[in-house]
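**Q** Below are the sequence and a predicted model; questions follow.
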Amino acid sequence: MANKKAARKAEMQSQRRALENCGVRNRLKTLAKKLRSATGDTQEVKRVTIEYVSALDKAAKRNIVHRNFANKRKCAAARFLFA
């Protein structure tokens, strides 16, 4: 447990950010599942791919996921889209 007021505040902020980051990661997982299950309609696959890539870029920009992780997943999504 933190002793100083500033340390307690930093701990609370850290916990809040961790909770928000967990939600972002869960959203990425959900979008990845949507992309894998999106078959048939090309427009639907394209829409889900764009949404997934956008979410990856935003998460990488905010340092929630590493930029190499985001690039690897975007490349896989593009291969899925054009295959």
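**A** Nice, thanks for sending it over. Numbers count the residues shown, from 1 in each chain.
**Q** now the helices for this structure?
**A** 5-37, 42-61, 67-82 (DSSP state H).
**Q** what packs against the longest one?
**A** Contacting helix 5-37 under the criterion 3 or more Cβ pairs under 8 Å, 6 or more residues apart in numbering; DSSP states H and E are the following elements: helix 42-61, helix 67-82. Where C-beta positions appear, they are placed from N, C-alpha and C, glycine not excepted.
**Q** Show the pLDDT at residue 39.
**A** Among the per-residue scores, residue 39 shows a pLDDT of 74.
**Q** Touching, it and residue 45? I think so.
**A** Yes. With contacts counted by Cβ atoms under 8 Å, residue 39 reaches residue 45, the gap being 7.4 Å.
**Q** So the two - more neighbours on which side?
**A** Taking residue 39 and residue 45 together and counting by other Cβ atoms under 10 Å, residue 45 has the greater number of neighbours (17 against 8).
**Q** and the nearest residue to the more buried one once chain neighbours are set aside, what are its phi and psi?
**A** Computed as Cβ to Cβ, 6 or more residues apart in numbering, the closest residue to residue 45 that is not its neighbour in sequence is residue 38, at 4.7 Å. Summarising the backbone geometry of residue 38 under the convention degrees, to the nearest 10, its torsions are phi -80, psi 110.
**Q** Contact partners for residue 38?
**A** When contacts are counted by Cβ atoms under 8 Å, 6 or more residues apart in numbering, residue 38 touches 44, 45, 48.
**Q** cool, residue 31 as well?
**A** If a contact means Cβ under 8 Å, 6+ apart, then residue 31 has 48, 51, 52, 55 as its contacts.
**Q** what separates residue 38 from residue 13, distance-wise?
**A** Plainly put, residue 38 is 37 Å away from residue 13 if you go by Cβ to Cβ, to the nearest Å.
**Q** Model confidence score at the most centrally placed residue in the chain, please.
**A** Averaging the C-alpha coordinates of the chain gives a centre point, and the residue nearest to it by Cα atoms, centre = their mean is residue 28 (3.8 Å). Per-residue confidence for residue 28 comes out at a pLDDT of 97.
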